[in-house]
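1. with the input below, show me the fold.
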Amino acid sequence: MSDDVLLTVHLAATASMVGLIWFVQLVHYPLFAVVGAEGFAAYERDHQRRTAWVVGPLMGVEVVSALALVAAGVPGRGLKTKLNEA
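-> This next block holds a predicted model:
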């Protein structure tokens with residue numbers, strides 16, 4: 001995979017995660033107060049289960065692309081350069 005494609009994939013995954021995090025912060029978390037104590041445990045359990053289906057794949061792409069970026073390295077600075085210098 002070319003460096004440009006790798007960077008684009010990582011940027012897209014990271015930007016998607018940032019957007020999702022803000023959405024949850026501004027929409028979902030305030031709604032927790034409306035649920036009430038008696039229904040909160042079930043609501044939170046469903047929230048976590050459903051959110052995992054969206055967050056999991058994005059986090060996976062973000063982690064794999066980040067590791068690939070570290071392994072590929074920035075010319076003159078990456079992991080490959082450090083290993084070659086040793």
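2. hmm, S65 is touching S16, no?
-> No. Using Cβ atoms under 8 Å, S65 is not in contact with S16; the gap is 11.8 Å. C-beta coordinates here come from the backbone N, C-alpha and C atoms, glycine included.
3. neighbour count winner among those two?
-> S65 (21 against 16; other Cβ atoms under 10 Å).
4. which residue sits closest to the more buried one in space, ignoring its chain neighbours?
-> Nearest residue to S65, sequence neighbours excluded (Cβ to Cβ, 6 or more residues apart in numbering): H10, at 3.8 Å.
5. what about that neighbour, how many neighbours?
-> Neighbour tally, H10, other Cβ under 10 Å: 18.
6. surely it and V70 touch.
-> No. H10 is beyond contact range of V70, at 10.6 Å (criterion: Cβ under 8 Å).
7. which SS class is the spatially most central residue of the chain?
-> The chain has M59 as the residue nearest its centroid, 3.5 Å off, counting by Cα atoms, centre = their mean. Under DSSP: H, G, I helix; E, B strand; the rest coil, M59 falls in the helix class.
8. now it: how far from S16?
-> Between M59 and S16 the distance is 10 Å, computed by Cβ to Cβ, to the nearest Å.
9. for the chain, where's the lowest mean pLDDT among helices and strands?
-> helix 79-85 (a mean of 59; mean pLDDT, DSSP states H and E).
10. so, low pLDDT: which residues of the protein?
-> In the predicted model, the chain carries pLDDT under 70 at residues 1, 74-86.
11. for stretch 11-27, buried residues please.
-> For stretch 11-27, the neighbour count (16 or more other Cβ atoms under 10 Å) marks 13, 16-17 as buried.
12. which of those residues sits closest to E38?
-> M17 (32.6 Å; Cβ to Cβ).
13. check contacts around the closest one.
-> M17 makes contact with 55, 58-59, 62, according to Cβ atoms under 8 Å, 6 or more residues apart in numbering.
14. got a winner among those for most neighbours?
-> E62 (19 neighbours).
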